[in-house]
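Enquirer: what follows is a predicted structure for the sequence shown.
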Number of protein chains: 2
Amino acid sequence: MRLKVLPVNIVGVGMTRFGVLESSIVELAQQAALEAISDAAAEGEVFDHVVVGTQNPDEFTGVGHLSTLLTDRLGLVPAGATRVETGPSSGSSAFETAFSLIASGMAETVLVIGVEKMSGVERGVASRILAKMMSYENETRYGATPAALGAMVARRYIHDYGLTRDELSLIPVKAHRNGAKNPLAHFQKELTVDRVNNGRIVADPLTLYDCCPTSDGAAALVLASEDVTRGLGVSDDAIGVLGVGHGTDYHAVQHRLSLTSFGATVEAARKAFEMAHLEPSDIDVSELHDAFSILELINMEDIGLVERGHAIDAVKEGRTDAQGDIPVNPSGGLKARGHPTGATGIAQIRDIVLQLRGTAPEDIQVASPEVGLTHNIGGFGNNMVVTILGNR
Amino acid sequence: MRLKVLPVNIVGVGMTRFGVLESSIVELAQQAALEAISDAAAEGEVFDHVVVGTQNPDEFTGVGHLSTLLTDRLGLVPAGATRVETGPSSGSSAFETAFSLIASGMAETVLVIGVEKMSGVERGVASRILAKMMSYENETRYGATPAALGAMVARRYIHDYGLTRDELSLIPVKAHRNGAKNPLAHFQKELTVDRVNNGRIVADPLTLYDCCPTSDGAAALVLASEDVTRGLGVSDDAIGVLGVGHGTDYHAVQHRLSLTSFGATVEAARKAFEMAHLEPSDIDVSELHDAFSILELINMEDIGLVERGHAIDAVKEGRTDAQGDIPVNPSGGLKARGHPTGATGIAQIRDIVLQLRGTAPEDIQVASPEVGLTHNIGGFGNNMVVTILGNR
């Protein structure tokens, strides 16, 4: 059945600096969108639709109805405009909706924006807003936080597979090493294993350096049908969307079959690989959702990039470095690039597009990748989207 | 290009009572969804995706991440799950996303839920939440409310076309006459022109009876590909989705070319009719977004059901009654059925499906309709979705 899907290409990308920024949510989204439209040489193009992925602008910023507002500000009226929200995977879910509009033949040119402005509220308020993505009945009302759940998962992984603190610290160290080479990353300085190990405890065993920051930022993509791609004159830079998969798992962690494998990732990856007619061994570069260091290991295993329980071996051998044979998060990932929640999925795709074009920053450019993958988590591990992108 | 869209059918519908209800947002959504799944005889079916249209559950109810939560509660894990939000047109926008997933070949069976629970917060709080769909810079900060904008539009329409107070009152009178026959409607008693005329002024010239209520409620649909439709054994009751159109207009009313015509409706209708290869004269029954009485007249004109400035003539001649030749809002519309914002678009589609099946309540069943239309407004007239449904 998936053979019927019409081809969809990414013809333009844009992204703001991630970090604690002065700009408003509208300004951030505009900046990324205008860059993507310019990158696609699509300034004169009629856009059929604008899809905005954002987790909770109403509560983080007080600005609502963002899909219409941005369509207006970008001069794209009367395009259809839709906001998509699935927690921190809102960006990738917006990408899926945009993809389906073109893959169905309903649209030919679609702008996708991922954006979040999280620094405008106090830390306690931000935590309260983010906690709404967890189960109130089973988690939040007992005081659980995303970091607490991450710590529980880490404990179990350590128990099952004998991971050490020094080993786990290699993940944020790699993230910061890559982020230091990424001019748009939230954090641009390197870390040491000692610094990670001795960081302030957020939720034992996770220290501050195991956890991604809350960030402001936006990223945007222009998606186009084959016909429009040919007409734009940027065909050489166009990247094909080979697969998109979306899966869920039980809302509360306590209802799941495993703490160290996310069923939603397994399902999303299965669907994406099925659509792409590819296998994990075909992936040359990945951007995975490492909101907590432990998640990078679990994600690698769930997607099938490495054998279950052996992700850390690949990390220790340097195989997941930008110059390794299964590079993971050359951008710095959520840990170093930052995590403006709704923007992350689109930023991941944007960074894979640069990799496939061969235009990523020099020190983090992977050697001639042909196929890349993104993986974005919604909720605490219950609403995942995987995309597979490739040269056409 | 739209010829490439794969066929999509509505094979099951469900809806709760609309009104001020005791049930939680999750319970409402579950009730409507289970009824739709049962109506489709799809209890044993694997659902590929769940799409939830809801405007602001986080602020109205404190419950977030609703697409995952409902997928879990309905036993539909590991289906993909997406929330879609475009203000009060969130339900229809969710329908569009669900449609595109099947029309592209990415999915075969999709559950769509529209839901809102608005009565749990105080009136002032609800107004503040709803006001986020308006332009802060141009409208909200000067004290404008949706009703104030509706009143401005009504004043201009009265000025341009000589509409009288008695004439405008015919709209809510018809809505309540129909709603009185609809067992799920928020309001089930009739009104008189005198009562409407002498109602408390909300925003001059609009009285209380020109304005829809804020309601709680949910509605749901099961959408299926041709293959799945055949397999379900409910083919005789399946309704085809012939067209879906989505359009925007400038965010703030003051930036638009006209006060008495909504460009976003014109665009959405144009796209929907183009996809359906139909014209306004082909429409046998409509559910239009009458959040304020004046909007029903404008919507009829923007969609092309009647000549510009002459909608009231059709109303006075009884042509828009359930037994007329261009029946509008036989359900009672937003005015009498009620307006739980995210649920409205799905309720409109559900009510048209009943009409096309010939199973609407007796006194509001239109005579043998073949093609029906829904029209759902997001923001104050800036994010519209039109659907066209028909017997297969």
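Expert: Cool, the structure landed.
Enquirer: phi, psi of the residue nearest the centre of chain A?
Expert: The centre of chain A sits closest to residue A:345, judged by CA atoms, centre = their mean, with a distance of 3.0 Å. Residue A:345 has phi and psi values of phi -60, psi -40 when expressed as degrees, to the nearest 10.
Enquirer: what's the distance between it and residue A:268?
Expert: Distance of residue A:345 to residue A:268, given as CB to CB, to the nearest Å: 12 Å. Any C-beta I mention is one placed from the backbone N, CA and C, and that applies to glycine too.
Enquirer: list the residues that contact both of the two?
Expert: With contacts taken as CB atoms under 8 Å, 6 or more residues apart in numbering or on different chains, the residues that reach both residue A:345 and residue A:268 are residue A:385.
Enquirer: in a helix, residue A:353, correct?
Expert: Yes: assigned with DSSP: H, G, I helix; E, B strand; the rest coil, residue A:353 falls within a helix.
Enquirer: that one touches residue A:389, doesn't it?
Expert: Yes: with contact defined as CB atoms under 8 Å, residue A:353 reaches residue A:389; the gap is 6.7 Å.
Enquirer: common neighbours of the two, please.
Expert: Contacts common to residue A:353 and residue A:389, judged by CB under 8 Å, 6+ apart, are A:10, A:239.
Enquirer: what about the helices in the stretch 151-300 of chain A?
Expert: A:165-179, A:193-197, A:226-232, A:263-276, A:293-303 (DSSP state H, counting those that start in this stretch).
Enquirer: distance from the chain centre to the last one, please.
Expert: Pointing back at helix A:293-303 there. On the basis of CA atoms, centre = their mean, to the nearest Å, helix A:293-303 sits 14 Å off its chain's mean C-alpha point.
Enquirer: just the CA coordinates for that helix, please, in PDB.
Expert: Extracted in PDB, the C-alpha atoms of helix A:293-303 (Å, rounded to 0.1, in the frame of the first residue of the first chain):
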ATOM      1  CA  SER A 293      22.100  10.800  28.000                       C
ATOM      2  CA  ILE A 294      20.700   7.300  28.600                       C
ATOM      3  CA  LEU A 295      18.100   7.700  25.900                       C
ATOM      4  CA  GLU A 296      20.800   7.900  23.100                       C
ATOM      5  CA  LEU A 297      21.900   4.300  23.900                       C
ATOM      6  CA  ILE A 298      18.300   3.000  24.100                       C
ATOM      7  CA  ASN A 299      17.300   4.800  20.900                       C
ATOM      8  CA  MET A 300      20.300   3.300  19.000                       C
ATOM      9  CA  GLU A 301      19.200  -0.100  20.100                       C
ATOM     10  CA  ASP A 302      15.500   0.300  19.500                       C
ATOM     11  CA  ILE A 303      16.200   1.600  15.900                       C
END
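Enquirer: residue A:226 - how many residues pack around it?
Expert: Residue A:226 sits with 17 neighbouring residues when counted by other CB atoms under 10 Å in any protein chain shown.
Enquirer: ok, it touching residue A:9?
Expert: Yes: between residue A:226 and residue A:9 there is a contact under CB under 8 Å: 7.1 Å.
Enquirer: touching the helix or strand of chain A with the lowest mean pLDDT from outside, list them.
Expert: In chain A, no helix or strand scores lower on mean pLDDT, DSSP states H and E than helix A:123-131, which sits at a mean of 91. The contact list for helix A:123-131 (CB under 8 Å, 6+ apart) reads A:56, A:59-60, A:118, A:121, A:140, A:145-146, A:214, A:341, B:58.
Enquirer: one more: stretch A:229-239?
Expert: Surrounding stretch A:229-239, the residues in contact under the criterion CB under 8 Å, 6+ apart are A:9-12, A:39-42, A:45, A:224, A:352-353, A:356-357, A:389-392.
Enquirer: any idea how far apart the tips of it sit?
Expert: Chord length of stretch A:229-239, first to last residue, is 10 Å (CA to CA, to the nearest Å).
Enquirer: distance from it to the middle of the chain?
Expert: Distance, centroid of stretch A:229-239 to centroid of chain: 24 Å (CA atoms, centre = their mean).
Enquirer: with stretch A:381-390 instead?
Expert: That offset, for stretch A:381-390, works out to 8 Å (CA atoms, centre = their mean).
Enquirer: now do stretch A:361-373
Expert: That offset, for stretch A:361-373, works out to 17 Å (CA atoms, centre = their mean).
Enquirer: what of stretch A:61-73?
Expert: Centroid displacement of stretch A:61-73 relative to its chain, using CA atoms, centre = their mean, is 22 Å.
Enquirer: does it reach chain B?
Expert: Yes: using CB under 8 Å from any CB of the partner chain, stretch A:61-73 comes into contact with chain B via A:62-65, A:67-69, A:71-73.
Enquirer: write the ChimeraX selection for whichever of these are buried.
Expert: To isolate the buried members of the residues of stretch A:61-73 next to chain B in ChimeraX, using 16 or more other CB atoms under 10 Å in any protein chain shown:
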select /A:63,64,65,67,68,69,71,72,73
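Enquirer: so which pair among the residues of stretch A:61-73 next to chain B is furthest apart in space?
Expert: Across the residues of stretch A:61-73 next to chain B, the longest distance by CB to CB is 19.4 Å; it joins A:62 and A:71.
Enquirer: and stretch A:73-80, what's buried?
Expert: A:73-74, A:76-80.
Enquirer: my read: residue A:10 touches residue A:351, true?
Expert: No: judged on CB under 8 Å, residue A:10 makes no contact with residue A:351 at a distance of 11.8 Å.
Enquirer: using the three-state scheme, assign residue A:385.
Expert: Residue A:385 falls in the strand class when you classify it by three-state DSSP.
Enquirer: relative to residue B:86, how far out is residue A:84?
Expert: Using CB to CB, one gets 10 Å for the distance from residue A:84 to residue B:86.
Enquirer: could you do residue A:69 as well?
Expert: 11 Å.
Enquirer: ok, back up a step: comparing residue A:84 and residue B:86, which shows the higher neighbour count?
Expert: The residue with more neighbours, out of residue A:84 and residue B:86, is residue B:86; 36 against 32, by other CB under 10 Å.
Enquirer: show me what the nearest residue to residue A:89 once chain neighbours are set aside is bridged to.
Expert: Distances taken as CB to CB, 6 or more residues apart in numbering or on different chains place residue A:378 nearest to residue A:89, at 3.3 Å, with adjacent residues excluded. Beta-bridge partners for residue A:378, by DSSP bridges, are residue A:383.
Enquirer: what's near enough to touch residue A:378?
Expert: A:86-90, A:93, A:133, A:384-385, B:65, B:68.
Enquirer: keep only those of those residues that are in helices.
Expert: A:90, A:93, B:68 (DSSP state H).
Enquirer: got the residues of the stretch 201-350 of chain A near chain B?
Expert: Taking CB under 8 Å from any CB as the measure of proximity, the stretch 201-350 of chain A contacts chain B at A:225, A:227, A:244-252, A:255, A:263-264, A:267-268, A:271, A:275.
Enquirer: just the buried ones from those residues?
Expert: Buried members of those, counted by 16+ other CB under 10 Å: A:225, A:244-252, A:263-264, A:267-268, A:271, A:275.
Enquirer: just the closest of those residues to chain B, please.
Expert: Chain B lies nearest to residue A:246 out of these, by CB to the nearest CB, at 3.1 Å.
Enquirer: what sits against that closest one?
Expert: A:93, A:96, A:268, A:271, A:383-386, B:49, B:80-82.
Enquirer: if we use 6 Å, what do you get?
Expert: A:96, A:268, A:385, B:80 (CB atoms under 6 Å, 6 or more residues apart in numbering or on different chains).
Enquirer: which element is the first one on?
Expert: Assigned by DSSP states H and E, residue A:96 belongs to helix A:90-103.
Enquirer: now the helices of the stretch 151-300 of chain A in JSON lines, with distance to residue B:291?
Expert: Formatted as JSON lines, the helices of the stretch 151-300 of chain A follow (distance: least, CB to CB, whole Å):
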{"stretch": "helix A:165-179", "distance to residue B:291": "48"}
{"stretch": "helix A:193-197", "distance to residue B:291": "54"}
{"stretch": "helix A:226-232", "distance to residue B:291": "36"}
{"stretch": "helix A:263-276", "distance to residue B:291": "37"}
{"stretch": "helix A:293-303", "distance to residue B:291": "44"}
